[in-house]
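Visitor: I need the structure of the sequence given here:
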Amino acid sequence: MEQIYTIPVNEAFEKSMEDPAAGCPFCRLYNKLEQDELDLILGASMMEPDVRVKTNELGFCRDHFAMMIRRPKRLPLALVLESHLAEQNQNLGRGAMFIGKAGENAAKKFTTLQKSCYVCDRIEYNFVRMQETAALLWEQDEEFRGKTAAQPFFCLAHFGGFVAAAKARMGRKTFAEFYKSVSELEGKFMDELGADVNWFVKKFDYRYDEEPWGNAKDAPERAIDFLNGKIHVSEDKPQP
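Guide: Sure thing, here's the model as predicted:
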């Protein structure tokens, strides 16, 4: 087991266990990884030659560009953009002997660039290992099983990865026990969320005008967060 991942995984599960408003523990882990990577790329890693080669090649998705440009110090981002733009300018292949071939190569490179992101790749590498660690902890640590059972929910975006990690590493009997536990937890939350969305819809019927909203006012927002994950949220901001 990757020991470097056990501490953050346990901390995220404990936070969500103690405070249901903290939401999916994997979303918290994702957001922490994301903020750490953004701190590095606009800080200590910015001038490392091997990192700059990769950022020039992969670029960044729109979400991560948007998160970087909202940060107060914009010079590090401008330096990253400067070299990234210079490399893409070279990829145009202007003045090449075989201009048609240069255009074909440019089309492939720029199409691929729209689907790549240095920060996404870095997050994915570590996040997959965190989900594997969570599955291994569940298998080996009785206390962690209790923490898992006490979670408010797992967003669907991360529930599938957690289950897949468990399936890949557990025997049939252990996996059956695992899935029974997490699916019951997930099903209970989905029942409650579905009821809230249903009540939200009914509140637009005049017959229910005088009825209280209960927990339904923000049901659509919570449903979207549950389906897609509450990600791209800074650790210094409240997380539902």
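Visitor: list the contacts of Leu193.
Guide: 219, 222-223, 226 (Cβ atoms under 8 Å, 6 or more residues apart in numbering). All C-beta spots, glycine's among them, are computed from the backbone N, C-alpha and C.
Visitor: pLDDT of the helix or strand encompassing it, averaged?
Guide: Taking DSSP states H and E as the definition, Leu193 sits inside helix 172-202. Helix 172-202 shows a mean pLDDT of 97.
Visitor: let's have the chain start at 46 instead
Guide: Sounds good: first residue 46 from here, last item helix 217-247.
Visitor: any idea which helix or strand comes after it?
Guide: Remark: after helix 217-247, the chain's next helix or strand is helix 264-273, criterion DSSP H and E.
Visitor: quick check, central residue of the protein?
Guide: The centroid of the chain falls nearest to Tyr75 when counting by Cα atoms, centre = their mean (4.4 Å).
Visitor: next, the buried residues of the helix holding Leu238.
Guide: By neighbour count on 16 or more other Cβ atoms under 10 Å, the buried set for helix 217-247 is 220, 223, 227, 230-231, 234, 238, 241, 244-245.
Visitor: any of the contacts of Leu238 buried? List them.
Guide: Buried members of those, counted by 16+ other Cβ under 10 Å: 264, 267-268, 271.
Visitor: what's the neighbour count on Ala211?
Guide: 21 (other Cβ atoms under 10 Å).
Visitor: same question for the lowest-mean-pLDDT helix or strand in the chain: list its buried residues.
Guide: The helix or strand of the chain with the poorest confidence is helix 144-158; it has a mean of 84 (mean pLDDT, DSSP states H and E). Buried residues in helix 144-158, counted by 16+ other Cβ under 10 Å: 147, 151, 158.
Visitor: just send the residues you listed back as a markdown table, with distance to Gly191 too.
Guide: As requested, the buried residues of helix 144-158 are exported to a markdown table (distance: Cβ to Cβ, whole Å):
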| residue | distance to Gly191 |
| --- | --- |
| Ala147 | 61 |
| Ala151 | 55 |
| Leu158 | 46 |
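Visitor: closest to Glu79 out of these?
Guide: Glu79 has its nearest neighbour among the buried residues of helix 144-158 in Leu158, at 20.4 Å by Cβ to Cβ.
Visitor: returning to that earlier point: list the residues that contact the residue nearest to the centre of the chain.
Guide: Counting by Cβ under 8 Å, 6+ apart, Tyr75 has contacts 168, 172, 203, 274, 276.
Visitor: any weak-confidence spans in the chain?
Guide: Applying pLDDT under 70 to the chain picks out residues 46-47, 140-143, 280-285.
Visitor: contacts for the helix or strand hosting Val96?
Guide: Per DSSP H and E, Val96 falls inside helix 94-103. With Cβ under 8 Å, 6+ apart as the test, helix 94-103 has contacts from 86, 90-91, 125, 128-129, 131-132, 158, 161-163, 166.
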